[in-house]
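Visitor: return a 3D structure for these sequence lines:
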Amino acid sequence: MDILNRMIKNGVQIGRDIVRPNYRVVVLGSASVGKSSIISKFMHDRFLESHKETIEELHRHVMWFDNVSVEIDILDTSGSYQFPAMRKLAIATGDAFILVYSVDNTSSFETVKILRDEIREQKTKGKYSIVVVANKLDLETFKDTSCAVTESIVCMDWEEKFVLTSAKTGENVHEVFQALEKKIRERIKLEEKRMNFIRRISMPVMRMAKSEKSTVGLIKTKSRTHSMDS
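Guide: Below is the predicted model of the structure:
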């Protein structure tokens, strides 16, 4: 029963309804590249006109996959390097990472390189996914050719997913999160296997507990009957 109690405490319920553990997506990148705007556009279809420095904000979103609901925690992080401990913790708790840079700021892609290296250094087991996002394609100065080199690096050298977006117009914003769909589906299948295992080991324990309860009740009944006869 201890195993069941631990699973329930961790957010898994045995029965008709299964509450699955949250899947955490961490959004990282330099300041002013549009991290918060991408999240706002995805969740509320609203573009943030004014920029406000983010320290750390957690958003909750529910996504559906094959009639199964999965709670997605989206962690919006600071673009400042003044909070290395917070960034390290964010990476440690992340299941997936969206690395954002701005097409009009080449140094912001250098930051993406550094962040990817940090993730790879921390998440040595490799159980995570990365999507690199080139934001602000709505800028008049933007040209498709300007992202050709970075896209080649991301897709060919890093073997990661690359999405070109505009948080302002909403173009390709949903594709960013859809790019994580495969990993989320894998997590669902893994959780289903774990739940099946829990059910298999829990049934004998539950039957044993029920049997012990019945035996105790029978002993008490016999005890009371003997007392009356005397």
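Visitor: show me where the chain dips below the pLDDT cut-off.
Guide: Residue ranges of the chain with pLDDT under 70: 1-21, 50-52, 81-82, 144-145, 202-230.
Visitor: swap the cut-off to 50 and go again
Guide: 1-19, 225-228, 230 (pLDDT under 50).
Visitor: just the helices in it please.
Guide: Along the chain, counting by DSSP state H, helices occupy 2-9, 35-44, 84-93, 106-122, 148-152, 173-178, 181-229.
Visitor: just checking, what packs against the fifth one?
Guide: Put plainly, it is helix 148-152. strand 129-135, strand 161-164 (3 or more C-beta pairs under 8 Å, 6 or more residues apart in numbering; DSSP states H and E). (Glycine included, C-beta is placed from N, CA and C.)
Visitor: highest average neighbour count across the ones you listed?
Guide: Mean neighbour counts were taken over the helices and strands packed on helix 148-152 using mean count of other C-beta atoms under 10 Å, and the top value, a mean of 25, falls to strand 129-135.
Visitor: adjacent strands (with direction) for it?
Guide: Strand pairing for strand 129-135, using DSSP bridges, gives strand 96-102 (parallel), strand 161-164 (parallel).
Visitor: could you dump these to JSON lines with distance to F42?
Guide: As requested, the strands paired with strand 129-135 are arranged in JSON lines below (distance: least, C-beta to C-beta, whole Å):
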{"stretch": "strand 96-102", "distance to F42": "10"}
{"stretch": "strand 161-164", "distance to F42": "12"}
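Visitor: surely D76 meets V27?
Guide: Yes. Using C-beta atoms under 8 Å, D76 is in contact with V27, at 5.3 Å.
Visitor: so for these two, which sits in the more crowded spot?
Guide: V27 (26 against 22; other C-beta atoms under 10 Å).
Visitor: report the beta-bridge partners for the more buried one.
Guide: D76, I98.
Visitor: turn the helices and strands packed on helix 148-152 into CSV, including distance to R116.
Guide: Below are the helices and strands packed on helix 148-152 laid out as CSV (distance: least, C-beta to C-beta, whole Å):
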stretch, distance to R116
strand 129-135, 7
strand 161-164, 12
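Visitor: to A85, which of those strands lies closest?
Guide: The closest of these to A85 is strand 129-135. By C-beta to C-beta, the value is 21.6 Å.
Visitor: report the distance from that closest one to the chain centre.
Guide: 15 Å (C-alpha atoms, centre = their mean, to the nearest Å).
Visitor: pull the residues that contact it.
Guide: 29, 33-34, 37-38, 95-103, 112, 116, 119, 147, 150-151, 154, 158, 160-167, 176, 179-180, 182-183 (C-beta atoms under 8 Å, 6 or more residues apart in numbering).
Visitor: return the alpha-carbon coordinates of it using PDB.
Guide: Extracted in PDB, the C-alpha atoms of strand 129-135 (Å, rounded to 0.1, in the frame of the first residue of the first chain):
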ATOM      1  CA  SER A 129      13.600  17.900 -26.000                       C
ATOM      2  CA  ILE A 130      14.600  21.300 -27.400                       C
ATOM      3  CA  VAL A 131      12.900  23.600 -29.800                       C
ATOM      4  CA  VAL A 132      14.800  26.700 -31.100                       C
ATOM      5  CA  VAL A 133      12.600  29.600 -32.000                       C
ATOM      6  CA  ALA A 134      13.600  32.500 -34.300                       C
ATOM      7  CA  ASN A 135      11.100  35.200 -33.300                       C
END
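Visitor: follow-up on the earlier one: quick check: neighbours shared by D76 and V27?
Guide: K35, I39.
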